[in-house]
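>>> Task: produce atomic coordinates for the following.
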Amino acid sequence: MLQGSALAQRKVPEASRRLLHVLVWFIIASALFYAGRELVRDLSAVRSSSSPSDYLLLGIALLIALGFEFVNGFHDAANAVATVIYTNALPPLAAVVWSGTWNFIGVLVSSGAVAYSVLSLLPVELILQVGSAAGFAMVFALLFSAMTWNVGTWFLGLPISSSHTLIGSIIGVGLMNQLMEGTTYTTGVDWSQAAKVGYALLLSPLIGFVAAALLLLCVKAALRKSAPHQPPREHQPPPFWIRMVLILTCTGVSFGHGSNDGQKGMGLIMLILVGLFPAAYALDRHSPAARVQALVAASDQVTGVFAAYEKSPPFFSLDEARKEVLNFLETQSFRPKTIPAISALMRGIVNAVAPHGSYADVPNEMASQIRNDMDLVDEALDVLEKSGRVPIGIDQEIVIEFYRKELDRATMFIPVWVKVVTAFALGLGTMVGWRRIVVTVGEKIGKAHLTYAQGGTAETVTMSTLIAADLYGLPVSTTHVLSSAVAGTMVANGSGLQITTVRNILLAWVLTLPVSLAIAGGLYWLMRQVV
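Numbers count the residues shown, from 1 in each chain. As a prediction, this is how the structure comes out:
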């Protein structure tokens, strides 16, 4: 165990601190200038149809959304530096800057799959009406709830999951909306998607604990030399090859955290942008014209598949088709009109976008309705496949999935400037608030100091889990995985655990979902009354 707090004894030279401050502020200014320029460019085409209040609301919403990512950096991103600091592989200042840089890179190269995986938990009704008062009440309730619990647990030095907090908030909003609007599929939580996300979050700490313990035992069997299994000497870095392994795994965890956790804030920012400025952000106006051609071809294939199930299809106007598809989603009741309505809506989407050749040339006033129709069709196809009411073969299923991917490409996009500001908020959060969580992970989980092998093992398991989760679009918690991995290495090494700390962490984990659910649900109800 460390004497007192090892971090408290490590002083950063004043010259280095000042240089870092200058560098950070320069980078912040550059990032804000770039993001502001891109935002102005995106909104220039819709300026005439927007009011000053829209821009004011956008500023407030972006500030709160980036505040959530900033607080996220306090928790999850700080875990990436705990092991390299406590094994003396990097000094605290260098570790924090290095981790923040790779978090930034991870956010920039992320696919966006995790962002929209989390957003798919939201009620369909609120996603379709995100620009309404209820939609904005939803976004603000989510953000305030998540930030409240994150800041409170950070202040106590308890490493909890920002993912859990956000998902609990989403479920709270969904349940409250269902109570207020009536119980239907479109007003509440998508429980099948919630179960998928929940399994990932529940299994990840178990994977972290078991995998880290087993990996450490393998390392001990393969490397019997004492050097990797000794606690570090005070202020002395580890041997070169061990140091490189520790820095590499820290880099991987930081990158994996950025590419996974960083996406959640991006998804919320996109909800805000689509709600306030649908003409600019409802469709991916920067995608090539080939995307529209691919959508048209895929739509023709799917309507060809559905033609076999349409017997004397009734004539549908687009409004009638929308009502029928909404009825199908709300009641989950398949009727003879269901497939003809979906086909009519698909043809309506093609007729709206094909004449313009690209999404960039779609008239501003049409963008929001086209996006809503795409979301409706996508959700209806998902429910239709899960219901099993239509016998769809493997080849037909592939055709439908390809079409749905084209819908996703048109609507589930994230501009580069959104990634940039999110990455900076996350990285700055790590640099400002890392110390409390790092002390807990490094000093208070186990009864003994981390050895080099324990630090490398815990980071390797965490890095692998995060990267795998990002590839499959599953949100997992860096905090859960790394904290559990450190605990697993302590048990495997025979070092023992500090039961009080472990109990407090587990209690915080258990309370995260119900507390964030209650806060978000209450805030959503209150905001709906006020607005």
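>>> can you map out the helices along the stretch 401-531 of the chain?
416-439, 452-471, 478-493, 499-530 (DSSP state H, counting those that start in this stretch).
>>> now swap in the stretch 51-200 of the chain and tell me
Taking DSSP H, counting those that start in this stretch as the criterion, the stretch 51-200 of the chain carries its helices at 52-72, 78-86, 92-109, 113-119, 124-128, 133-155, 162-181, 191-222.
>>> Tell me the helices and strands packed up against the host helix or strand of residue 263.
If you go by DSSP states H and E, residue 263 is part of helix 262-276. Packed against helix 262-276 by the contact rule (3 or more CB pairs under 8 Å, 6 or more residues apart in numbering; DSSP states H and E) you find helix 52-72, helix 92-109, helix 113-119, helix 133-155, helix 162-181, helix 278-281, helix 416-439. Bear in mind the C-beta positions are built from the backbone N, C-alpha and C, glycine included.
>>> Which neighbouring elements make contact with the shortest one?
Okay, so that is helix 278-281. Short answer (3+ CB pairs under 8 Å, 6+ apart): helix 278-281 packs on helix 14-43, helix 262-276, helix 364-387.
>>> ok, 7 Å please
The contact analysis (3 or more CB pairs under 7 Å, 6 or more residues apart in numbering; DSSP states H and E) places helix 278-281 against helix 262-276, helix 364-387.
>>> try the last one
Taking 3+ CB pairs under 7 Å, 6+ apart as the contact definition, the neighbouring helices and strands of helix 416-439 are helix 14-43, helix 52-72, helix 78-86, helix 92-109, helix 133-155, helix 262-276.
>>> Tell me the gap between the second one and the middle of its chain.
Distance of helix 52-72 from the chain centroid (CA atoms, centre = their mean, to the nearest Å) equals 17 Å.
>>> same thing with the fifth one?
Mean C-alpha position of helix 133-155 versus that of the full chain (CA atoms, centre = their mean) differs by 15 Å.
>>> Do me a favour and average the pLDDT over that helix.
Averaged over helix 133-155, pLDDT sits at 84.
>>> other SSEs contacting it?
Packing contacts for helix 133-155, counted by 3+ CB pairs under 7 Å, 6+ apart, involve helix 52-72, helix 124-128, helix 162-181, helix 262-276, helix 416-439, helix 499-530.
>>> Pull out the buried residues from it.
Within helix 133-155, the residues scored as buried using 16 or more other CB atoms under 10 Å are 134-150, 153-154.
>>> Show me the contact partners of it.
Applying CB atoms under 7 Å, 6 or more residues apart in numbering, the contact partners of helix 133-155 are 61, 64-65, 67-68, 71-72, 74-75, 126, 129, 160, 162, 165-166, 169-170, 172-173, 268, 271-272, 275, 433, 436-437, 508, 512, 515-516, 519-520, 523-524, 527-528, 531.
>>> Could you export that helix as PDB, CA atoms only?
Presented in PDB, the C-alpha positions along helix 133-155 are these (Å, rounded to 0.1, in the frame of the first residue of the first chain):
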ATOM      1  CA  ALA A 133     -41.200  20.900 -26.500                       C
ATOM      2  CA  ALA A 134     -41.300  17.200 -25.400                       C
ATOM      3  CA  GLY A 135     -38.200  16.500 -27.400                       C
ATOM      4  CA  PHE A 136     -36.200  19.300 -25.800                       C
ATOM      5  CA  ALA A 137     -37.500  18.300 -22.400                       C
ATOM      6  CA  MET A 138     -36.200  14.800 -23.100                       C
ATOM      7  CA  VAL A 139     -32.700  16.000 -24.000                       C
ATOM      8  CA  PHE A 140     -32.300  18.400 -21.100                       C
ATOM      9  CA  ALA A 141     -33.700  15.900 -18.600                       C
ATOM     10  CA  LEU A 142     -31.200  13.300 -19.800                       C
ATOM     11  CA  LEU A 143     -28.200  15.600 -19.600                       C
ATOM     12  CA  PHE A 144     -29.000  17.100 -16.200                       C
ATOM     13  CA  SER A 145     -29.700  13.700 -14.700                       C
ATOM     14  CA  ALA A 146     -26.500  12.200 -16.000                       C
ATOM     15  CA  MET A 147     -24.400  15.200 -14.900                       C
ATOM     16  CA  THR A 148     -25.900  15.300 -11.400                       C
ATOM     17  CA  TRP A 149     -25.000  11.700 -10.600                       C
ATOM     18  CA  ASN A 150     -21.600  11.800 -12.300                       C
ATOM     19  CA  VAL A 151     -20.500  14.900 -10.400                       C
ATOM     20  CA  GLY A 152     -21.800  13.500  -7.100                       C
ATOM     21  CA  THR A 153     -20.000  10.200  -7.400                       C
ATOM     22  CA  TRP A 154     -16.800  11.900  -8.700                       C
ATOM     23  CA  PHE A 155     -16.700  14.200  -5.700                       C
END
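>>> Much appreciated, bye for now.
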